[in-house]
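> no FASTA, just this:
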């Protein structure tokens, strides 16, 4: 086995021992039913230039909800409240992921170094963006719920 592959496997397993999973937040702007998405920086080691929700690794001792709040503040500069768990799954490489939904936010979006752009996504724009895996279908599910007037 290639030394780089072995090194990456070891790094991934060590990383998992210091983090309990990944948490993300779908922030909905009620004024126009748009969802906040961020474009990963071009020099990112994972999925450079792809679009995703604000989020990241949950620190040991932190709940997934707390991780989503902290990561959204760090990456997008906004404070989110009233989170609802929307989707939970495990990746092929063993990461637990929880995606939360919220209509509650304050502040103005200001991205950090991890992103190169931010956008309030409207339903008709979905196919214009290159998302990280699984995100497009989750966004489509949320827009479907919004369209049938279910309180999400």
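Received the coordinates, thanks. For clarity, every value in this text was computed on a predicted model and none was experimentally measured. Numbering: from 1, shown residues only.

> Flag every buried residue along stretch 61-68.
62, 64-65, 67-68 (16 or more other CB atoms under 10 Å). In this view, the C-beta of every residue, glycine as well, is placed from N, C-alpha and C.

> Quick check: the two most widely separated of those?
62 and 68 (9.8 Å; CB to CB).

> Which ones among the buried residues of stretch 61-68 lie within helices?
Using DSSP state H, the members of these that fall within helices are 64-65, 67-68.

> Pipe the buried residues of stretch 61-68 into a markdown table and attach distance to residue 28 and pLDDT per row.
Formatted as a markdown table, the buried residues of stretch 61-68 follow (distance: CB to CB, whole Å; pLDDT from 0 to 100):
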| residue | distance to residue 28 | pLDDT |
| --- | --- | --- |
| 62 | 23 | 92 |
| 64 | 19 | 96 |
| 65 | 16 | 97 |
| 67 | 19 | 96 |
| 68 | 14 | 97 |
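
> Of those, which is the nearest to residue 130?
For those, the nearest to residue 130 is residue 68 (23.0 Å; CB to CB).

> So which other helices or strands are in contact with the helix or strand containing residue 22?
According to DSSP states H and E, residue 22 maps onto strand 19-29. Helices and strands touching strand 19-29, as assessed by 3 or more CB pairs under 8 Å, 6 or more residues apart in numbering; DSSP states H and E, comprise strand 34-40, strand 55-59, helix 64-76, strand 96-102, helix 135-147.

> Quick one: closest of those to residue 21.
When the helices and strands packed on strand 19-29 are compared (using CB to CB), the closest one is strand 96-102, at 3.6 Å.

> What lies in contact with the closest one?
Outside strand 96-102, the residues that touch it by CB atoms under 8 Å, 6 or more residues apart in numbering are 20-28, 53, 55, 64-65, 68, 80-91, 138, 142, 152.

> now swap in stretch 51-67 and tell me
Residues from elsewhere that reach stretch 51-67, judged by CB under 8 Å, 6+ apart: 15, 18-27, 35-40, 68, 70-72, 74-76, 83, 85, 98-100, 114, 119, 129-132, 135.

> what about residue 90, neighbour count?
Close neighbours of residue 90, defined as other CB atoms under 10 Å, add up to 10.

> Alright, calling it a day.
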